[in-house]
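Engineer: next come a sequence and a model predicted from it.
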Amino acid sequence: MTTNSEKVALVTGSATGIGLACAQAFAKAGYITVLTDIDDPKEQARELVSAGYKALSRRCDVSDTRAVEETVDWVAATLGRLDAALNNAGIQTPQRPMAEITDDEFDRTVAVDLKGVWNCMRYEIRQMLRQGGGTIVNTSSQGGVTGFPGQAAYIACKHAVIGLTRTAALDYASRNIRINAICPGVIRTPMAEELMRRNPLLEKELVRDIPAGRLGSPEEIANAVLWLSSPQASFIDGHALLVDGGFSIH
């Protein structure tokens with residue numbers, strides 16, 4: 001259980017990339033941080049503990065409703081509360097034109113990138129209602145406000161995450177639960193690296209369209225997520241925060 005001054009954060013999809021950077025940021029900010037992923041990120045949590053921070057880990061497939069319920073219940077039972085959640089777990093659709101995406105690919109993308117957020121929010125909100133409040137950040141994308149060729153299923157889910165965020169924010173604003181979305185631009189993560197590996201010209205093309213002239217870092221997204229989850233953002237609710245080096249306004 002936590003002390004009165006300790007806060008608890010839950011980060012899904014925290015084995016690598018943006019999720020790991022955000023989990024590290026929460027831990028360094030003094031949160032007891034629970035890292036979850038499709039495979040238990042126990043090594044990542046152990047590294048944080050070895051560095052003097054407080055962290056736990058657990059396996060959770062966010063597309064599995066029962067697994068999400070059990071995970072949030074476990075956090076509440078183990079630590080007594082849930083103050084901040086980042087629903088970050090996601091997968092990328094194979095890059096090809098919309099009509100060539102298979103039913104299985106579409107269904108799997110929706111199951112993780114949209115239903116996964118839905119599942120997490122339902123149980124996080126229920127816990128936050130019991131304790132009197134909390135903050136939630138959902139990972140959308142710059143693609144949640146724009147388009148990207150060859151990524152129809154992924155982009156559709158990221159648009160939907162913003163709609164889900166805004167509506168849930170309205171539902172619970174009066175109950176002291178703030179719900180926002182983060183919209184990363186092109187960030188140098190393993191997922192982005194894989195896309196660029198398949199298309200060697202992609203990085204050059206992407207940087208050409210980013211006014212900042214570079215890709216972002218996971219740590220830059222973590223800074224924004226931590227701020228949205230903090231008292232400094234106390235009057236920000238239902239917002240989709242673009243962190244994309246100016247790409248979406250270029």
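Structural biologist: Cool, the structure landed. Residues are numbered from 1 along each chain as shown.

Engineer: what's the span of stretch 76-89 from first residue to last?
Structural biologist: 20 Å (C-alpha to C-alpha, to the nearest Å).

Engineer: could you do stretch 30-41 as well?
Structural biologist: 19 Å.

Engineer: which is the next helix or strand following the strand ranked longest in the chain?
Structural biologist: Counting by DSSP state E, the longest strand found in the chain is strand 177-184. Counting by DSSP states H and E, the next helix or strand C-terminal to strand 177-184 is helix 190-198.

Engineer: in the helix or strand encompassing Ile155, what counts as buried?
Structural biologist: Assessed by DSSP H and E, Ile155 sits inside helix 152-172. Under the neighbour-count criterion of 16 or more other C-beta atoms under 10 Å, helix 152-172 has 152-162, 164-166, 168-169, 172 buried. (Glycine included, C-beta is placed from N, CA and C.)

Engineer: okay, the angle between that helix and strand 177-184?
Structural biologist: 160 degrees (axes from the mean of the first three to the mean of the last three C-alpha atoms, to 10 degrees).

Engineer: run the chain-centre distance for helix 152-172.
Structural biologist: Distance of helix 152-172 from its chain centroid, counting by C-alpha atoms, centre = their mean, to the nearest Å, is 12 Å.

Engineer: contacts for it, please.
Structural biologist: For helix 152-172, the external contacting residues (C-beta atoms under 8 Å, 6 or more residues apart in numbering) are 90-93, 97-98, 101, 105-106, 109-110, 113-114, 117-118, 121, 125, 128-129, 136, 138-141, 143-145, 147-148, 178-181, 183, 237-238, 240.

Engineer: list buried residues within these.
Structural biologist: Looking at the contacts of helix 152-172 with 16+ other C-beta under 10 Å, the buried ones turn out to be 90-91, 93, 101, 105-106, 109-110, 113-114, 117-118, 121, 125, 128, 136, 138-141, 143-145, 178-181, 183, 237-238, 240.

Engineer: can you show me the helices along this structure?
Structural biologist: Ranges of helices in the chain, per DSSP state H, are 17-28, 42-50, 65-79, 103-113, 115-131, 152-172, 190-198, 202-208, 218-228.

Engineer: for those helices, which one ends up most surrounded?
Structural biologist: The highest average neighbour count among these, using mean count of other C-beta atoms under 10 Å, belongs to helix 17-28 at a mean of 26.

Engineer: about what we covered before: what mean pLDDT does the helix holding Ile155 have?
Structural biologist: Averaged over helix 152-172, pLDDT sits at 98.

Engineer: dead centre of this structure: give me the residue that sits there.
Structural biologist: Asn88 (2.0 Å; C-alpha atoms, centre = their mean).
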